[in-house]
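Novice: Okay, predicted coordinates and the sequence, questions at the end:
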Amino acid sequence: MSKRSEKHNYPCQYSDHELNTPSFRDKSPYKSTREDSKFCFIATVVYGDINAREVHVLRDFRDKVLRESRIGRAAIDLYYGGLGERTANLIKDRAPSLIPVIKKGLDYIVDMCSPRK
């Protein structure tokens, strides 16, 4: 076991089987008043697919980690209040060269929240 997996035990860990089942997307406990809260705008631009495994892991991180704190909920509100979609469009349309840098940061969160082998 690596040092990183010993130090971090995030509550967003799912088994590979759970992440690959069709019903995984429907299990999100996040209840937003905005219909678009199911989208991870920036992650979708970075990974190229709304159904990418990494996007699902990041949604789970939002729902199980960020949602549990006041500052996390404020970040969610800011993101789904329009900032996330505007930022994703900016990245996609005007700064695609930033995608590898952003992906590296998102990959770190995905790695922390992914099941250990």
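Specialist: Perfect, I can see it now.
Novice: burial count for Asp111?
Specialist: As a burial measure, Asp111 scores 14 neighbours (other C-beta atoms under 10 Å). Quick note: C-beta positions are derived from backbone N, CA and C, even for glycine.
Novice: Could you check which helix or strand contains it?
Specialist: Per DSSP states H and E: Asp111 is located in helix 99-113.
Novice: what's the weakest-modelled helix or strand in this structure?
Specialist: helix 3-7 (a mean of 40; mean pLDDT, DSSP states H and E).
Novice: thinking again about what came up before, show me what the helix holding Asp111 packs onto, helices and strands only.
Specialist: helix 41-47, helix 53-64 (3 or more C-beta pairs under 8 Å, 6 or more residues apart in numbering; DSSP states H and E).
Novice: ok, residues contacting the first one?
Specialist: Counting by C-beta atoms under 8 Å, 6 or more residues apart in numbering, the neighbours of helix 41-47 from elsewhere in the structure are 50, 52, 54-55, 58, 79, 84-85, 87-89, 91-92, 99, 102-103, 106.
Novice: That's all I had, so thanks and see you.
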